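Visitor: for reference, the sequence and a predicted model appear below.
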Amino acid sequence: DAGVTQSPTHLIKTRGQQVTLRCSPKSGHDTVSWYQQALGQGPQFIFQYYEEEERQRGNFPDRFSGHQFPNYSSELNVNALLLGDSALYLCASSDGPHSNQPQHFGDGTRLSIL
Amino acid sequence: QKEVEQNSGPLSVPEGAIASLNCTYSDRVSQSFFWYRQYSGKSPELIMSIYSNGDKEDGRFTAQLNKASQYVSLLIRDSQPSDSATYLCAVKGPNAGNMLTFGGGTRLMVKP
């Protein structure tokens, strides 16, 4: 039973470019949450998708957008990349948007902005 | 004031000792509490979850929750060098959906 899978594992972009990160939830899960973890800090919640809609959003600008597909997989898009967007981007999945079960993370995508 | 606070460390303990990691949170209505372990360059791995006051034990790990004091801790008994990692405390409120609020993490070093 595959857990949460993310792609790509590493990505290098330059300022001003756009990037798309992908996440497939654990089998049986229908809700995907995205987090950004800057070096030396704890993860910060970006947003959550359920039933193909953004349900919750953290304190991130609208350069950060997402999408969820009918198969529950999700994409995180970041436009007009800034040096400060360099971080580990983590995806977690759950069974429903209000699950009390602990969330498990994928291996993450490390994004470096030059 | 940060919502979830942890001492950044490093916390250094000798092999075989008890490591005590602490976390305080500001939202009094928080309901769910989690400890994650993160090795350098890797993603966070869930160690423990705790939802009610008191202690919860799982192998060498014990989570302790005191909602009145807004305090949650993690004890690691018989610490091993392989326990050296950053430990992240995460909190979820009743109306937060699945949103976790993390502390900045405590770096633990277990010396042989």
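Guide: Cool, the structure landed.

Visitor: let me see the mean pLDDT of stretch B:9-26.
Guide: Taken as a whole, stretch B:9-26 carries a mean pLDDT of 97.

Visitor: and chain A, is that stretch touching that?
Guide: No: using Cβ under 8 Å from any Cβ of the partner chain, stretch B:9-26 never reaches chain A; the gap is at least 10.6 Å. Quick note: C-beta positions are derived from backbone N, CA and C, even for glycine.

Visitor: up against chain A, what does chain B have?
Guide: By the rule Cβ under 8 Å from any Cβ, the part of chain B lying against chain A is B:4, B:31-32, B:34, B:42-46, B:49, B:51, B:88, B:90, B:96-105.

Visitor: do that again at 6 Å, thanks
Guide: When proximity is defined as Cβ under 6 Å from any Cβ of the partner chain, chain B approaches chain A at B:34, B:43-44, B:46, B:49, B:88, B:97-99, B:102-105.

Visitor: among those, which has the minimum pLDDT value?
Guide: Within the set of those, pLDDT is lowest for residue B:97 (76).

Visitor: export the residues of chain B next to chain A to a markdown table and tack on secondary structure, distance to residue A:16 and neighbour count?
Guide: Listed next are the residues of chain B next to chain A as a markdown table, based on DSSP: H, G, I helix; E, B strand; the rest coil; distance: Cβ to Cβ, whole Å; neighbours: other Cβ atoms under 10 Å in any protein chain shown:
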| residue | secondary structure | distance to residue A:16 | neighbour count |
| --- | --- | --- | --- |
| B:34 | strand | 37 | 22 |
| B:43 | coil | 28 | 22 |
| B:44 | coil | 30 | 30 |
| B:46 | strand | 37 | 16 |
| B:49 | strand | 41 | 19 |
| B:88 | strand | 32 | 28 |
| B:97 | coil | 33 | 20 |
| B:98 | coil | 32 | 25 |
| B:99 | coil | 30 | 22 |
| B:102 | strand | 29 | 23 |
| B:103 | coil | 33 | 24 |
| B:104 | coil | 30 | 18 |
| B:105 | coil | 31 | 26 |
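
Visitor: I am finished for the moment; much appreciated.
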